[in-house]
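*Asks:* Next input, structure requested:
(one chain, ligands or ions: 1)
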Amino acid sequence: LASPPLAPTPRPRSIFALTARFKADSYDKKVNLGVGAYRDNAGKPWVLPSVKKAQAALIADESVDHEYLSITGLSEFTSSSAKLILGRDSPAIAEKRVASVQTISGTGANHLGAVFLSKFYDYSKLAGGKRQIYISNPTWANHKAIFNSVGITPVDYPYYDAKTVGLDYSGLTQALQSAPNGSVFLLHACAHNPTGVDPTREQWHQLADIFESKGHLAFFDCAYQGFASGDLDGDAYSVRHFVSRKTIPVVICQSFAKNAGLYGERVGALHVVSATQEQNDAVLSQLSVIQRSEISNPPAFGARVVSMILNDASLWSQWQSDVKEMAGRIISMRTALHDLLTNRLKTPPPGQSGSWDHIVKQIGMFSYLGLKPEQVKRIVDEGHIYMTGNSRISMAGLTTGNVEYVAGWIDRVSR
Ligand code: PLP
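*Replies:* This is a model prediction of the structure:
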């Protein structure tokens with residue numbers, strides 16, 4: 001007698017299907033531009049030299065044991081990661097208004113932040129009282145899943161303008177203005193995933209003005225600090241600016257997956273910035289209570305590696321140059337692709353964008369090419385170049401060895 005299924009089969013995820021197709025493809029020039037992790041110019045994963053050194057030192061240190069960390073994690077890690085994102089001289093840190101908890105990388109930080117909001121955010125003060133979070137259209141696919149799973153409904157706000165292959169700034173500001181006062185908005189701190197399109201500094205200032213006047217909460221997801229521009233401070237600009245306003249409630253999800261190449265080690269933190277030290281103490285206690293039932297205590301090894309890097313002068317300077325190297329390689333691939341399409345091949349640009357400049361203007365790991373789904377289909381099926389149907393490519397998948405081949409196919413389907 002067959003027993004009833006315990007669960008229905010979920011809908012297949014297209015990115016996993018894409019990776020499976022890439023693996024099964026035997027064509028020698030195949031290229032994977034779907035991968036969400038850094039690759040070196042030989043297309044291989046890269047262990048950062050700073051991480052290698054810290055790892056070796058930890059393994060050699062006989063005093064390092066495998067005891068549990070505390071519920072909120074390794075305190076040297078959480079305090080130094082707060083300084084990394086907020087700045088060493090951050091008044092919020094000095095005034096003890098930042099509650100920092102070590103999490104299971106950026107995903108865990110988003111989840112812990114989501115549970116925290118679902119339990120404690122006062123949605124009853126909002127006109128309509130709806131338990132919602134506004135997320136950019138498009139956004140990292142997991143945002144929807146994470147907030148849905150805790151009973152907070154994700155609602156799209158306009159972000160990407162397909163016509164200009166850039167930011168829909170007026171759509172974004174209108175959404176902020178028309179949302180009920182006190183709404184929660186999720187923002188990508190830098191290197192927006194999947195579009196690579198970020199507001200300018202001037203626009204961040206204006207956005208902060210609206211947050212202030214509307215009493216909105218800014219929920220920052222920061223998965224690419226340093227990875228975007230190569231400058232760890234520069235990439236923290238949006239977050240630091242919002243926190244400097246003092247009147248905007250700010251939550252920050254921080255991941256060390258990309259900027260330290262510690263993907264599988266799951267190193268991250270959640271930082272909640274309160275208005276007073278008293279409020280901060282309550283927040284930290286409540287986060288500890290949630291964390292206890294979720295994971296008890298976070299994993300130690302990766303946090304020790306990052307903590308060592310952030311607190312040792314020579315590892316810190318090595319890491320800064322490692323981050324620059326990754327960002328630099330990605331930026332150079334953007335320039336190479338842009339140059340091939342614009343100057344060498346004179347490829348007709350997509351839509352009404354008028355140029356391929358969006359490739360060099362967008363930042364971070366990803367780029368939206370602005371191609372139509374039928375063009376993408378030809379590139380995948382005939383060119384063996386794997387990318388998602390929205391023409392998002394991971395710049396990390398490009399190398400000096402394959403960029404001409406990729407440009408050739410973009411050119412072919414654009415004519
Ligand atoms: N947030 C964004 C926007 C991301 O792109 C990612 C990873 O791709 C994450 C969060 C979380 O990644 P992780 O859980 O590996 O830190």
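*Asks:* Next one: the closest residue to residue 336 other than its chain neighbours from the ligand, what distance?
*Replies:* Leaving aside its sequence neighbours, residue 336 sits nearest to residue 403 (C-beta to C-beta, 6 or more residues apart in numbering; 4.9 Å). Every residue, glycine included, has its C-beta placed from N, CA and C. Residue 403 is 23 Å from the ligand, where distance means C-beta to the nearest ligand atom, to the nearest Å.
*Asks:* Need phi/psi at residue 403.
*Replies:* phi -70, psi -30 (degrees, to the nearest 10).
*Asks:* Could you count how many residues lie near it?
*Replies:* Neighbourhood size, residue 403 [other C-beta atoms under 10 Å]: 20.
*Asks:* Spell out for me which residue occupies the centre of this structure.
*Replies:* residue 223 (3.1 Å; C-alpha atoms, centre = their mean).
*Asks:* right, and that residue touches residue 235 too?
*Replies:* No. Using C-beta atoms under 8 Å as the test, residue 223 is too far from residue 235 to be in contact (10.6 Å).
*Asks:* joint contacts of those two?
*Replies:* Contact criterion C-beta atoms under 8 Å, 6 or more residues apart in numbering; residues bridging residue 223 and residue 235 by contacting each: residue 191.
*Asks:* Enumerate the residues of the stretch 101-250 of the chain near the ligand.
*Replies:* Of all the residues in the stretch 101-250 of the chain, those in contact range of the ligand (C-beta under 6 Å from any ligand atom) are 105-107, 140, 188, 193, 221, 223.
*Asks:* what about 8 Å?
*Replies:* Within the stretch 101-250 of the chain, the positions near the ligand by C-beta under 8 Å from any ligand atom are 104-110, 139-140, 142-143, 188, 192-193, 221, 223-224.
*Asks:* What subset of those is buried?
*Replies:* 104-110, 139-140, 143, 188, 192-193, 221, 223-224 (16 or more other C-beta atoms under 10 Å).
*Asks:* And the residue nearest to residue 336, how far from residue 412?
*Replies:* 15 Å (C-beta to C-beta, to the nearest Å).
*Asks:* same question, residue 272
*Replies:* Counting by C-beta to C-beta - residue 272 and residue 412 are separated by 50 Å.
*Asks:* what do you get for residue 111?
*Replies:* 43 Å.
*Asks:* So if I had to pick from these two, which one is more boxed in?
*Replies:* residue 111 (23 against 15).
*Asks:* Quickly find the element holding the more buried one.
*Replies:* Using DSSP states H and E, residue 111 falls within helix 105-120.
*Asks:* Next: residue 242.
*Replies:* Assigned by DSSP H and E, residue 242 falls within helix 237-244.
*Asks:* which secondary structure elements does whichever helix or strand comes after that helix contact?
*Replies:* Sequence order places strand 250-255 as the next helix or strand after helix 237-244, per DSSP H and E. If contacts are counted by 3 or more C-beta pairs under 8 Å, 6 or more residues apart in numbering; DSSP states H and E, strand 250-255 sits against helix 75-86, helix 105-120, strand 217-222, helix 237-244, strand 267-273.
*Asks:* This structure: strands as residue ranges?
*Replies:* For the chain, strands defined by DSSP state E occupy the ranges 31-32, 98-104, 132-137, 153-158, 160-161, 166-167, 184-188, 217-222, 250-255, 267-273, 366-368, 385-386, 392-394.
*Asks:* so which of those strands comes closest to residue 287?
*Replies:* Distance to residue 287, taken as C-beta to C-beta, is lowest for strand 98-104 among the strands of the chain, at 4.8 Å.
*Asks:* before we move on, the earlier item: looking at the strands of the chain, which has the lowest confidence?
*Replies:* Mean pLDDT across the strands of the chain is lowest at strand 366-368; the value there is a mean of 91.
*Asks:* what's in contact with it?
*Replies:* Here strand 366-368 has contacts from 160, 165, 191, 193-197, 334, 358-359, 362, 390-395, using C-beta under 8 Å, 6+ apart.
*Asks:* try stretch 255-268
*Replies:* Residues contacting stretch 255-268 (C-beta under 8 Å, 6+ apart): 37-38, 45-48, 50-51, 77, 81, 102-109, 222-227, 232, 253-254, 298-299, 301-303, 305-306, 309, 319, 323, 326, 365.
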